[in-house]
Structure formats: C-alpha cells, structure tokens
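A.B. asks: here are the coordinates; sequence isn't available:
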C-alpha cells in the first residue's frame with residue numbers, strides 16, 4: 001500500500017481547511033439569518049425604549065421652575081447661588097454596546113442542538129444586530145481567566161459578522177474562567193455610558209471554599225463597579241447535563257477547564273454521588289442568583305436545547321414596560 005506523499009498530505013490539509021471554512025461561513029450565515037429575523041420581527045420596536053435614553057450626557061444648568069423633577073436639582077449650584085437650579089441632560093445619539101463574553105473551555109460542552117459556545121454566539125449576535133440597526137456601536141471583550149480578545153466598538157454589519165466569527169473560532173490560550181477579568185477590563189476601558197452584556201455560564205465564579213474567597217469577592221466587586229457606571233445585563237448559558245448528571249456508575253470524564261484534575265479522569269456517579277452533585281450545582285447557582293438580586297441586576301438564564309429566542313423577547317418586553325413606568 002503506497003504511503004501518502006508530502007504533496008498529497010498538503011492537498012488533504014488544504015481540502016480540510018477549505019471544508020472547515022465553508023462550514024464556518026454557513027454557521028455564521030445561519031446565525032445572521034436567525035438573529036436578524038428575531039431583531040426585525042420582535043425586538044426592533046422595543047430596543048429604543050429598553051436602551052435608548054439610558055445613555056445621557058450633561059448639557060447645562062438652568063434655574064428651577066415649578067414642575068421640574070426635584071431629582072435633577074444641582075445642589076452645588078443651588079448652594080452657591082442661593083437659588084434652586086436643575087441639571088439638563090441631552091440623550092446621546094450614539095450608544096455603545098459592549099459584549100463581555102466568556103470564552104473558557106467549559107463552553108465547549110453541549111448535549112443538545114448545539115454547544116454553549118454556539119448559543120453564546122447567537123445571543124451576542126442578537127444584541128449586536130439590535131444595536132447596529134439603531135446606528136449604535138458594538139465591541140467585544142472575550143475572557144477566560146484573563147482578557148484574550150478585545151474588539152473596539154464599531155458599527156456596521158461586517159463588523160458584527162467579524163465579532164461572531166471571533167466568538168466561534170478564537171482558540172484560547174488558557175482554559176480557566178475568571179469573569180471578574182472581563183468586567184475589570186471594561187471598567188478601565190469605558191468612560192461614557194455603555195450597555196454591557198455579560199454572557200457566561202458563571203461556573204465557579206463564587207466558590208464557597210474559604211481559601212478562594214478572594215475570587216468571590218473580586219467578582220462581586222467587579223459587578224458593583226460596572227453596575228455603577230453602566231447598564232449591566234448578565235446572561236447565563238447552561239447545558240442540562242451539567243445541572244443534573246444521571247447516576248451512571250463509573251464514568252470517564254474530560255475536565256474541560258483542567259480544574260486541578262488533569263485531563264481524563266474517572267468519577268463514580270452512584271445515585272448518592274449524583275444527588276450530591278445536583279445539590280452542589282443548585283447551591284452554586286443560588287449563590288449567583290442571590291448576588292444578582294442583591295445588586296438588582298436584571299438578567300436571564302438560557303439552556304442549550306431550549307427555545308433561546310423566547311427569553312430574549314420576554315426580557316426586552318419586561319424592560320420596556322419597566323422603562324415606561
């Protein structure tokens with residue numbers, strides 16, 4: 001049997017690369033069609049009321065007149081002049097939407113239609129296409145346990161498609177997760193008002209081990225800093241299999257993030273151990289939910305295999321109703 005020559009191996013490699021590129025382009029096009037349809041049919045009308053008007057800039061100070069909102073009183077000017085004055089604000093014509101996206105190895109998990117990484121790309125694309133439809137700018141901060149990708153905010157369809165391609169194809173240097181890294185980068189970067197979409201599976205962001213409390217405190221502090229300056233929307237993506245492992249007995253697992261366990265290892269998923277795992281996962285999710293409630297952050301959770309568009313539509317509608325109050 002003849003061995004493949006160097007030329008034949010090179011040709012095979014080129015064909016495989018061509019096939020991967022074609023598959024990637026089809027996936028990007030599929031995401032564009034899905035998200036554009038969602039934006040145009042369901043989200044376009046509510047985007048303005050949900051986000052526009054949140055970005056406001058100080059314009060001037062004038063003397064108070066009856067009927068003005070007392071919350072806009074400028075107490076410094078009032079004290080200096082002896083007469084009540086109010087601040088006037090002008091809506092910023094251009095808003096910046098920053099996608100702060102988890103790119104860690106745990107997003108490669110997928111037991112349903114597509115893995116968490118593909119779900120993240122669809123969610124990010126939805127917000128991005130909503131933004132550029134309103135002439136807003138979109139940027140990307142991609143993190144593992146450090147920031148690995150930064151795409152400066154720009155507008156336009158080609159820019160959004162490049163962001164989606166980054167999300168689907170970026171090969172990370174590191175495998176762990178530290179969501180605080182992405183938030184801290186945004187806090188240092190953005191000066192004006194920004195809508196920050198934090199998309200992650202939030203795995204292990206709030207460890208309860210005493211030796212790792214610094215990590216939990218760093219995540220909470222980063223959330224607080226970004227929330228004070230920007231409109232922060234946390235979105236959790238998850239796969240059903242990571243929430244409730246079945247009792248399968250002795251099973252070989254691959255540790256996607258190499259959490260001190262090496263590559264492949266065996267776990268005894270007896271009924272008792274499976275129940276303990278479910279309890280630990282539920283406790284971890286509740287710690288994250290409790291923190292988001294404490295900080296009054298309005299987000300959502302979306303699972304692989306479920307209808308990912310419906311929660312987005314409900315989220316936009318809920319925010320629009322609240323903004324009208």
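C.D. replies: Thanks, I have it. Keep in mind it's a predicted model, so treat the numbers as computed, not measured.
A.B. asks: for the one helix or strand residue 77 maps to, what is the average pLDDT?
C.D. replies: Using DSSP states H and E, residue 77 falls within helix 75-81. The average pLDDT within helix 75-81 is 89.
A.B. asks: contacts for it?
C.D. replies: Contact with helix 75-81 is made by 61, 64, 84-85, as judged by Cβ atoms under 8 Å, 6 or more residues apart in numbering. In this view, the C-beta of every residue, glycine as well, is placed from N, C-alpha and C.
A.B. asks: which of the residues you listed has the most neighbours?
C.D. replies: Within the contacts of helix 75-81, residue 85 tops the neighbour count with 21 neighbours, counted by other Cβ atoms under 10 Å.
A.B. asks: for the chain, which spans come out with low pLDDT?
C.D. replies: 1-4, 6, 45, 48-49, 52-59, 88-93, 110-113, 190-191, 245-270, 323-325 (pLDDT under 70).
A.B. asks: Which secondary structure state does the residue nearest to the spatial centre of it sit in?
C.D. replies: For the chain, residue 199 is the residue whose C-alpha lies nearest the centre (Cα atoms, centre = their mean; 1.8 Å). The three-state assignment at residue 199 reads strand, by DSSP: H, G, I helix; E, B strand; the rest coil.
A.B. asks: ok, it - contacts?
C.D. replies: Shown in contact with residue 199 (Cβ under 8 Å, 6+ apart): 99-102, 120, 123-124, 235, 237.
A.B. asks: what would the residues you listed look like in a markdown table with secondary structure, distance to residue 73 and neighbour count?
C.D. replies: Below are the contacts of residue 199 laid out as a markdown table (DSSP: H, G, I helix; E, B strand; the rest coil; distance: Cβ to Cβ, whole Å; neighbours: other Cβ atoms under 10 Å):
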| residue | secondary structure | distance to residue 73 | neighbour count |
| --- | --- | --- | --- |
| 99 | strand | 36 | 27 |
| 100 | strand | 34 | 27 |
| 101 | strand | 40 | 26 |
| 102 | strand | 42 | 26 |
| 120 | helix | 43 | 24 |
| 123 | helix | 40 | 24 |
| 124 | helix | 40 | 27 |
| 235 | strand | 36 | 23 |
| 237 | strand | 43 | 25 |
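A.B. asks: closest to residue 172 among these?
C.D. replies: Top of the list for closeness to residue 172, among the contacts of residue 199 and by Cβ to Cβ, is residue 102 at 10.3 Å.
A.B. asks: Once you drop chain neighbours, what's closest to the closest one?
C.D. replies: Spatial nearest neighbour of residue 102, chain neighbours left out: residue 200 (3.6 Å); criterion: Cβ to Cβ, 6 or more residues apart in numbering.
A.B. asks: Roughly how far does that neighbour sit from residue 61?
C.D. replies: To residue 61, residue 200 is 41 Å away according to Cβ to Cβ, to the nearest Å.
A.B. asks: And for residue 224?
C.D. replies: 29 Å.
A.B. asks: Looking at the contacts of helix 75-81, spot the one nearest residue 108.
C.D. replies: residue 61 (53.6 Å).
A.B. asks: Confirm that the closest one lies within a strand, as I assumed.
C.D. replies: Yes - counting by three-state DSSP, residue 61 is found in a strand.
A.B. asks: Run through the bridge partners of it.
C.D. replies: The partner list for residue 61 in beta bridges (DSSP bridges) reads residue 87.
A.B. asks: Looks like it contacts residue 86 (just checking).
C.D. replies: Yes - look at residue 61 against residue 86 with Cβ atoms under 8 Å: they come within range, at 7.1 Å.
A.B. asks: what do these two both touch?
C.D. replies: With Cβ under 8 Å, 6+ apart, residue 61 and residue 86 have common neighbours residue 74.
A.B. asks: what's the residue nearest to residue 102 in contact with, if anything?
C.D. replies: Shown in contact with residue 200 (Cβ under 8 Å, 6+ apart): 101-102, 177, 179, 234-237.
A.B. asks: let's go with 7 Å and repeat that
C.D. replies: Contacts for residue 200 were tallied using Cβ atoms under 7 Å, 6 or more residues apart in numbering; they are 102, 179, 236.
A.B. asks: got the contact list for residue 51?
C.D. replies: Contacts for residue 51 (Cβ under 7 Å, 6+ apart) come out as 95, 195.
A.B. asks: what about the helices in the stretch 201-325 of the chain?
C.D. replies: 213-229, 240-243, 271-294, 309-324 (DSSP state H, counting those that start in this stretch).
A.B. asks: Against which helices or strands is the last one packed?
C.D. replies: This points to helix 309-324. helix 44-51, strand 300-303 (3 or more Cβ pairs under 7 Å, 6 or more residues apart in numbering; DSSP states H and E).
A.B. asks: would you turn these into JSON lines with distance to residue 284?
C.D. replies: Output for the helices and strands packed on helix 309-324, formatted as JSON lines (distance: least, Cβ to Cβ, whole Å):
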{"stretch": "helix 44-51", "distance to residue 284": "30"}
{"stretch": "strand 300-303", "distance to residue 284": "13"}
